[in-house]
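Okay, predicted coordinates and the sequence, questions at the end:
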Amino acid sequence: MTDALDSSTSVDLAVIGAGPCGIAAAAAARKAGLTSVLVDRGPLCAAIVGYPYYMQFFSTPEKLEIEDLPFVTAERNASRRESLSYYRKVVEYFRLPTRLYEDVEAVEGEKGAFRLRTVRDRGTGGRNPRRDVIHARHVVVATGGFHEPNWLGVPGEELPKVSHHYREPHPYWRRRVLVVGGSNSAVEASLELFRAGAQVTLVHFLHDFDRGVKPWVLPDIQNRVEKGEVEARWGHRVAEIRPDEVVLRSEETGQLVTVENDHVLALTGWRSDPLLLKALGVPIDSGTGVPAHDPETMETPVAGVFIAGVLAAGNDANRIFIENGRWHGRAIVRALGAPADLGAPVREPEPLPR
């Protein structure tokens, strides 16, 4: 069990967002002798929970490790299930206080005396959600880049047949599925769907797959497309979605083509939520979406407010992953005066006072 946190206690670091990079920030604080709390509107590692059930990470396990705690996997690349188990163990090992399913509605105060106003059990159907205040000397916003999808913005996107999530192929057996995108998520979904018996059409506005597609997956999807087992509509965008078909538009000619269809999986990426940072007064670059911050310390222009993880990448979520975002926590605690030997081997931490 993780340590409980008395709401009247002021912690050194309140971390908003309990994904891997938020966990890393809290773990680094623990190693440095600082107190912290992880707060998240959903479960631990909510973004990973939402990944496809059978997904394997691009990164090898040692690049996903938090504060030198070994991550042992059955194969070369970690699976979704293994990573969720690992990050639970990290929180348990460091005895990090957590406040899950608790939404931060507002952050008030200033450096040394922040107040996080939260609401719990909003989604359980109760008429009177519980409200609380967390006191902290510093705040880390690590809310990730999965707040809302990059919408297609076309008529029919609201139809029940359209989803921006993909979990597993079974529901699509013998169905006509249009997959939108050319990244890892679109490619892996297309391959799983094909092998589960779906009729797959892949639509991408470019004329090839994205450069970041996993190298062990790319030859597979290329072969499926070459053999016609997965149909690829290169240089096209979705123009309209109808109950039994989808209208595509050529990027070069503007010509429209209609494809018979049962389901649309719009795997076009996600974006972060800047509202909390904006409310705190942190400037957000209108072009890149990057919050203003010092990359050496991760501190924003608002004293005592830091960012961590993919949130720091703005609109380019492919620039920061777990493997580089996990070090943001060390930068933050060093900025708070942590000892130089923060990277020393892990020792069993002393329990926090209750």
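Okay, I see it.

any idea which element the closest residue to Arg330 other than its chain neighbours lies in?
Nearest residue to Arg330 in three dimensions, chain neighbours excluded: Ala28, at 4.9 Å (CB to CB, 6 or more residues apart in numbering). Where you see a C-beta, it was placed from the backbone N, CA and C, and this is true even at glycine. In the assignment (DSSP states H and E), Ala28 maps to helix 20-31.

same thing with Glu240?
strand 236-242.

and the helix holding Ala28, average pLDDT?
Mean pLDDT, helix 20-31: 97.

Same check on stretch 79-96?
Averaging pLDDT along stretch 79-96 yields 96.

same check, this time on stretch 182-193
For stretch 182-193, mean pLDDT is 95.

Tell me how the chain divides into domains.
10-147+270-335, 151-266 (automatic domain parsing).

Out of the ones you listed, which is the most enclosed?
Highest mean neighbour count among the domains of the chain (mean count of other CB atoms under 10 Å): domain 10-147+270-335, with a mean of 19.

one step back: can you give the distance of the helix holding Ala28 from its chain's centre?
16 Å (CA atoms, centre = their mean, to the nearest Å).

Could you do stretch 215-224 as well?
On CA atoms, centre = their mean, the centre of stretch 215-224 falls 25 Å from the chain's centre.

what's near enough to touch Pro43?
Contacts here follow CB atoms under 8 Å, 6 or more residues apart in numbering; on that basis Pro43 touches Ala18, Val49, Leu100, Tyr101.

Could you look up the SS state of it?
coil (DSSP: H, G, I helix; E, B strand; the rest coil).

quick one: it and Thr253, what's the gap?
Between Pro43 and Thr253 the computed distance is 46 Å (CB to CB, to the nearest Å).

Let's see the pLDDT reported for Leu5.
Leu5 is assigned 55 on the pLDDT scale.

out of the contacts of Pro43, who's nearest Ser185?
The closest of these to Ser185 turns out to be Val49 (CB to CB; 15.1 Å).

Go ahead and report the secondary structure state at Glu92.
For Glu92, the assignment made with three-state DSSP gives helix.

Roughly how far does it sit from Glu226?
To Glu226, Glu92 is 47 Å away according to CB to CB.

does Ile48 really touch Glu82, like I thought?
No: applying CB atoms under 8 Å, one finds Ile48 not in contact with Glu82, separated by 10.5 Å.

Spit out the contact partners of Asp12.
By CB under 8 Å, 6+ apart, the contact set of Asp12 is Ala29, Leu34, Thr35, Ser36, Ala136, Arg137, His138, Leu336.

tell me the phi and psi of it?
phi -70, psi -40 (degrees, to the nearest 10).

Leaving out chain neighbours, which residue sits closest to it?
Residue nearest to Asp12 in three dimensions, not counting chain neighbours: Leu34, with 4.0 Å by CB to CB, 6+ apart.

Make sure Ala338 is actually in contact with Leu34.
Yes: taking CB under 8 Å as the definition, Ala338 is a contact partner of Leu34 at 7.3 Å.

what about the nearest residue to Ala14 once chain neighbours are set aside, distance to Asn318?
Excluding the flanking residues, the one nearest Ala14 by CB to CB, 6+ apart is Ala136, at 3.5 Å. Applying CB to CB, the value for Ala136 to Asn318 is 31 Å.

In terms of secondary structure, what does the lowest-mean-pLDDT helix or strand in the chain contact?
Every helix and strand of the chain was ranked by mean pLDDT, DSSP states H and E. The lowest is strand 270-271, at a mean of 82. Applying 3 or more CB pairs under 8 Å, 6 or more residues apart in numbering; DSSP states H and E, one finds that strand 270-271 contacts strand 148-149.

who's in contact with the helix or strand that the strand it packs on is followed by?
Note on strand 148-149: by DSSP H and E, the next helix or strand toward the C-terminus is strand 162-163. By CB under 8 Å, 6+ apart, the residues outside strand 162-163 that reach it are Gly156, Ile241, His263, Val264, Leu265, Ala266.

Give me the distance between the fourth one and Val247.
Per CB to CB, Val264 is found 11 Å from Val247.

Give me the common contacts of those two.
Taking CB under 8 Å, 6+ apart as the contact rule, Val264 and Val247 both touch Val238, Ile241.

OK, contacts around Asn77?
Neighbouring residues of Asn77 by CB under 8 Å, 6+ apart: Gln56, Phe57, Phe58, Ser59, Thr60, Pro61.

ditto for His236
His236 makes contact with Val203, His204, Phe205, Leu248, Arg249, Ser250, Glu251, Val257, according to CB under 8 Å, 6+ apart.

Skipping adjacent residues, who's closest to it in space?
Distance criterion CB to CB, 6+ apart; nearest residue to His236, sequence neighbours excluded, is Leu248 at 4.4 Å.

That neighbour and Pro61: what is the separation?
40 Å.

Please, where are all the helices along the chain?
All helices of the chain, identified by DSSP state H, fall at 20-31, 46-49, 80-94, 184-195, 218-226, 275-280, 322-325, 328-335.
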